[in-house]
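Trainee: Predicted model follows, preceded by the sequence.
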Amino acid sequence: MDLRNTNIARLENEAFDVLVVGGGINGAVTAAALAARGASVALIDAGDFAGFTSQQSSNLVWGGIKYMEGYEFGLVAGLCKSRNELLDSFPSTVKEIRFLMTVNKRFRFHPWIILASTWLYWLLGRGKTRTPGLVSPRQLKQIEPLINTAISSAGIEYSDAFLHDNDARFVFNFVRSALDNGCVAANYVKSQGANRDAKGHWITQAQDQITGNSLEISSRILVNAAGAFVDSHNALTGIETEYQHVLSKGIHLIVPQISENHRVLAFFADDERLFFAIPMANRTCIGTTDTRVDDPVTAVTGEDRDFVLSNINARLDLPTPLVPGDIIAERCGVRPLATRKRGDNSVDVQHLSRKHVIEMSEGQNHISIFGGKLTDCLNVGNEISACAAQFGLNLKQVDKWYGEPGGHAREAFFERARKLGLDEIVASDTREALSIRLWRRYAAQAEGMLDAIERDPSLAEPLIDNAGIRRCEIDYLARNEMIVKLEDYLRRRSKIELLVSRATLRQSAGLFEACEKLFGNEAKARFDEYFAE
Ligand SMILES: Cc1cc2nc3c(=O)[nH]c(=O)nc-3n(C[C@H](O)[C@H](O)[C@H](O)COP(=O)(O)OP(=O)(O)OC[C@H]3O[C@@H](n4cnc5c(N)ncnc54)[C@H](O)[C@@H]3O)c2cc1C
């Protein structure tokens with residue numbers, strides 16, 4: 001039986017300290033933090049892990065410089081602290097990157113004010129990153145010749161961080177760490193609501209979305225980490241809260257790489273919000289928007305596309321302006337933003353705080369997580385652990401429940417990979433060595449891949465054309481990463497779908513072979529299902 005089926009059987013047959021509903025970033029860190037502290041944890045997601053909002057972010061790990069305009073210095077300082085901790089703990093995944101911000105003539109703030117803000121931001125970030133600086137339009141053009149300096153009065157350089165792979169992979173690695181500490185997790189298992197039994201334990205009714213089978217999961221504590229669905233899930237379980245979500249839609253467009261300059265280009269869009277062109281391997285990811293919506297399920301509209309393309313075209317001197325035909329992939333998601341319940345429903349999402357709120361339902365052993373950011377994830381994991389302890393859960397003290405293995409494990413891996421020649425196998429698009437990529441994606445689990453390459457060096461060869469994946473990865477992925485649909489692999493465990501158009505992907509040699517390894521007899525069905533969408 002594969003990992004997912006084994007875990008679904010265990011979900012039904014075991015009783016847990018905690019059931020976490022939702023495997024986005026908030027649910028994944030909750031499961032990882034509690035499992036590392038010795039709790040018995042179950043984690044379910046109605047779709048794939050990180051299959052909703054957590055796969056649609058800007059991939060920035062940042063203090064949120066723009067929140068300073070709303071004087072949210074406490075939030076920014078907290079996010080910067082979290083960013084710094086992530087930089088230290090995940091050095092292969094979370095990378096410092098330089099931002100080059102263009103300030104247009106007649107912008108509402110003088111460049112000196114923006115420069116002063118970036119210095120304050122740097123200080124709130126405890127001086128962790130490179131210092132900010134002011135650049136003239138002439139220097140701006142020298143650094144990045146594509147910038148349309150005819151409309152700019154100055155440029156500002158400052159630093160923040162971003163996720164080298166992508167948000168969904170970052171989330172999955174927390175799920176992985178929870179699994180390694182005994183968590184029983186399964187994707188495509190949807191909670192349909194929960195009741196408390198006579199002993200006060202939560203009995204959650206759930207359904208396997210692949211087979212249609214129903215199951216019941218028993219837990220002492222229930223954590224609602226359903227993101228944009230937190231309110232609807234609370235309604236199903238009869239939980240009353242002080243907070244609720246309002247939703248703000250944001251989109252990104254991925255286009256061929258506009259510049260080899262490894263910087264985030266930052267602009268103020270027509271709506272005066274910060275707007276980015278972010279490097280993504282050999283592509284550029286442009287966005288985002290911030291529009292209030294009521295329905296969590298959203299799609300990119302023609303208006304969204306026009307907004308992003310017209311803004312970027314106006315701010316860059318591209319050889320030819322970007323048009324919809326240049327779009328390789330699109331991302332579209334909703335930010336669940338925490339707000340107090342009130343009669344007045346006229347909330348302006350652009351000015352709403354991005355702070356997370358954790359609400360405990362006293363006497364009911366229930367916790368709801370509202371809002372949050374990928375950047376805030378370690379705080380969420382720690383705070384939920386403290387809440388669970390308040391509900392009487394006996395948790396052991398751990399120094400640290402997150403982070404890449406460091407020291408000897410890391411050195412030994414790179415030494416062995418070097419001897420196997422993996423430093424010389426360099427990706428043509430990102431120019432990254434295979435040794436680094438394997439470590440960043442799989443950390444200690446990549447040891448097994450080195451064993452495989454040692455036995456059979458052909459396993460270091462590419463498996464799928466245009467996709468960067470090597471043969472040694474596929475068996476590991478099939479056994480350990482709960483890949484149920486082809487999209488789980490192409491979009492979330494990797495980011496291939498964001499870099500390669502579907503038409504090219506369909507023709508890629510090796511893709512069907514990968515499906516055979518991942519899905520066995522169901523290979524054709526999964527392949528056809530993906531390309532039928
Ligand atoms: C456009 C955009 C850009 C952003 N950029 C950044 C950024 O650069 N940096 C940053 O730090 N943050 C960013 N964010 C914010 C960040 O992405 C979100 O705050 C975060 O991903 C929300 O995570 P979550 O776990 O709360 O929700 P989700 O990721 O949506 O997870 C909730 C999960 O619950 C599951 N679920 C729902 N109902 C049920 C049920 N009944 N049973 C089982 N499972 C269920 C869903 O399937 C889903 O997977 C951005 C957000 C957006 C939209």
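Mentor: Structure's in. What do you need?
Trainee: Every contact and neighbour count from this point should use C-alpha atoms.
Mentor: Will do.
Trainee: Make sure residue 158 is indeed in a strand.
Mentor: Yes. Counting by DSSP: H, G, I helix; E, B strand; the rest coil, residue 158 is part of a strand.
Trainee: Over to residue 292: give its phi and psi.
Mentor: phi -70, psi 140 (degrees, to the nearest 10).
Trainee: quick one: contacts for it?
Mentor: Contacts for residue 292 (CA atoms under 8 Å, 6 or more residues apart in numbering) come out as 246-249, 348-349.
Trainee: And residue 122, by the same measure?
Mentor: So residue 122 contacts 128-129, 131-132 (CA under 8 Å, 6+ apart).
Trainee: Can you go through those residues and name the buried ones?
Mentor: Buried residues within the contacts of residue 122, counting neighbours by 16 or more other CA atoms under 10 Å: 128-129, 132.
Trainee: Export those to CSV and append columns for secondary structure.
Mentor: Shown next, in CSV, are those (three-state DSSP):
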residue, secondary structure
128, coil
129, coil
132, coil
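Trainee: Closest one to residue 388 out of these, please.
Mentor: For the buried ones among the contacts of residue 122, the closest approach to residue 388 (CA to CA) belongs to residue 128, at 32.2 Å.
Trainee: Nearest spatial neighbour of the closest one, chain-adjacent residues omitted?
Mentor: Ranked by CA to CA, 6 or more residues apart in numbering and with sequence neighbours excluded, the top spatial neighbour of residue 128 is residue 84, at 6.8 Å.
Trainee: Repeat that for residue 87.
Mentor: residue 94 (5.3 Å).
Trainee: Tell me the spacing between that neighbour and residue 373.
Mentor: The spacing between residue 94 and residue 373, counted by CA to CA, to the nearest Å, is 15 Å.
Trainee: neighbour count winner among those two?
Mentor: For residue 94 and residue 373, the more surrounded residue by other CA atoms under 10 Å is residue 94, and the numbers stand at 25 against 22.
Trainee: Find the pair from the contacts of residue 122 with maximum spatial separation.
Mentor: 128 and 132 (11.6 Å).
Trainee: And the next helix or strand past the top helix by length along the chain?
Mentor: If you go by DSSP state H, the chain has its longest helix at helix 73-89. Going down the chain from helix 73-89, the next helix or strand is strand 94-104, by DSSP states H and E.
Trainee: Parallel or antiparallel, list what pairs with that following strand.
Mentor: strand 152-163 (antiparallel), strand 263-268 (parallel) (DSSP bridges).
Trainee: Over to the residue of the chain most remote from its centre. Which of the three states is it?
Mentor: Most distant residue from the mean C-alpha position of the chain: residue 198, 38.8 Å away (CA atoms, centre = their mean). Put simply, residue 198 is coil when judged by three-state DSSP.
Trainee: quick one: low-confidence ranges for the chain?
Mentor: Within the chain, the stretches with pLDDT under 70 are 1, 343-347, 349-351.
Trainee: Surely residue 210 forms part of a strand?
Mentor: No. Applying three-state DSSP, one finds residue 210 to be coil, outside a strand.
Trainee: That one: neighbour count?
Mentor: By other CA under 10 Å, neighbour count at residue 210 equals 11.
Trainee: For it, which non-adjacent residue is closest in space?
Mentor: residue 188 (6.7 Å).
Trainee: tell me the contacts of the one you found?
Mentor: 44-48, 208-210.
Trainee: Show me which of the residues you listed are buried.
Mentor: Buried among the contacts of residue 188 by 16+ other CA under 10 Å: 44-48, 208.
Trainee: Rebuild those as JSON lines, extending it with distance to residue 262.
Mentor: Conversion of the buried ones among the contacts of residue 188 to JSON lines gives the following (distance: CA to CA, whole Å):
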{"residue": "44", "distance to residue 262": "37"}
{"residue": "45", "distance to residue 262": "35"}
{"residue": "46", "distance to residue 262": "37"}
{"residue": "47", "distance to residue 262": "34"}
{"residue": "48", "distance to residue 262": "31"}
{"residue": "208", "distance to residue 262": "43"}
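Trainee: Quick check: which of the residues you listed are also close to the ligand?
Mentor: 44-47 (CA under 6 Å from any ligand atom).
Trainee: Then residue 531 would be within a strand, right?
Mentor: No. Secondary structure of residue 531 (three-state DSSP): helix, not part of a strand.
Trainee: circling back: quick check: the residue farthest from the centre of the chain vs the ligand, distance?
Mentor: For residue 198, the distance to the ligand equals 23 Å [CA to the nearest ligand atom, to the nearest Å].
Trainee: For that residue, give me phi and psi.
Mentor: Main-chain dihedrals, residue 198, degrees, to the nearest 10: phi -60, psi -30.
Trainee: Now do the same contact list for it.
Mentor: For residue 198, the contact set (CA under 8 Å, 6+ apart) is empty.
Trainee: contacting residues around stretch 60-78?
Mentor: With contacts defined as CA under 8 Å, 6+ apart, stretch 60-78 is touched by 79-81, 83, 94, 117-118, 121, 124-125, 160-163, 274, 351, 353, 355, 374-375.
Trainee: Would it count as contacting the ligand?
Mentor: Yes. Stretch 60-78 comes into contact with the ligand (CA under 6 Å from any ligand atom), by way of 60-61.
Trainee: which parts of that stretch are buried?
Mentor: Within stretch 60-78, the residues scored as buried using 16+ other CA under 10 Å are 60-65, 67-68, 72-73, 75-78.
Trainee: possible to save those as CSV with distance to residue 505?
Mentor: Formatted as CSV, the buried residues of stretch 60-78 follow (distance: CA to CA, whole Å):
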residue, distance to residue 505
60, 27
61, 29
62, 32
63, 36
64, 35
65, 37
67, 39
68, 42
72, 44
73, 45
75, 41
76, 40
77, 42
78, 41
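Trainee: which among these gets closest to residue 262?
Mentor: Minimum distance to residue 262 across the buried residues of stretch 60-78 is 14.3 Å, recorded for residue 60 (CA to CA).
Trainee: Please name the bridge partners of the closest one.
Mentor: Beta bridges link residue 60 to residue 162, judged by DSSP bridges.
Trainee: okay, which residue is most central for the chain?
Mentor: Central residue of the chain (CA atoms, centre = their mean): residue 167, 2.2 Å from the mean position.
Trainee: Please tell me how far that residue sits from residue 101.
Mentor: Separation of residue 167 from residue 101 (CA to CA): 23 Å.
Trainee: buried residues in stretch 263-281?
Mentor: Those would be 263-269, 274-281, for stretch 263-281 by 16+ other CA under 10 Å.
Trainee: Could you check how far the residue nearest to residue 25 when sequence neighbours are not counted is from residue 59?
Mentor: The shortest distance from residue 25 to any non-neighbouring residue, by CA to CA, 6+ apart, is to residue 171 (5.3 Å). The spacing between residue 171 and residue 59, counted by CA to CA, is 11 Å.
Trainee: Is stretch 94-112 positioned near the ligand?
Mentor: No. Applying CA under 6 Å from any ligand atom, one finds stretch 94-112 separated from the ligand by no less than 11.6 Å.
Trainee: Sketch out the strands for the stretch 251-400 of the chain, chain order is fine.
Mentor: 263-268, 274-280, 283-287, 291-293, 329-340, 357-361, 366-370 (DSSP state E, counting those that start in this stretch).
Trainee: Distance to residue 450 added to those, as JSON lines?
Mentor: Converted to JSON lines, the strands of the stretch 251-400 of the chain look like this (distance: least, CA to CA, whole Å):
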{"stretch": "strand 263-268", "distance to residue 450": "33"}
{"stretch": "strand 274-280", "distance to residue 450": "27"}
{"stretch": "strand 283-287", "distance to residue 450": "29"}
{"stretch": "strand 291-293", "distance to residue 450": "47"}
{"stretch": "strand 329-340", "distance to residue 450": "33"}
{"stretch": "strand 357-361", "distance to residue 450": "42"}
{"stretch": "strand 366-370", "distance to residue 450": "40"}
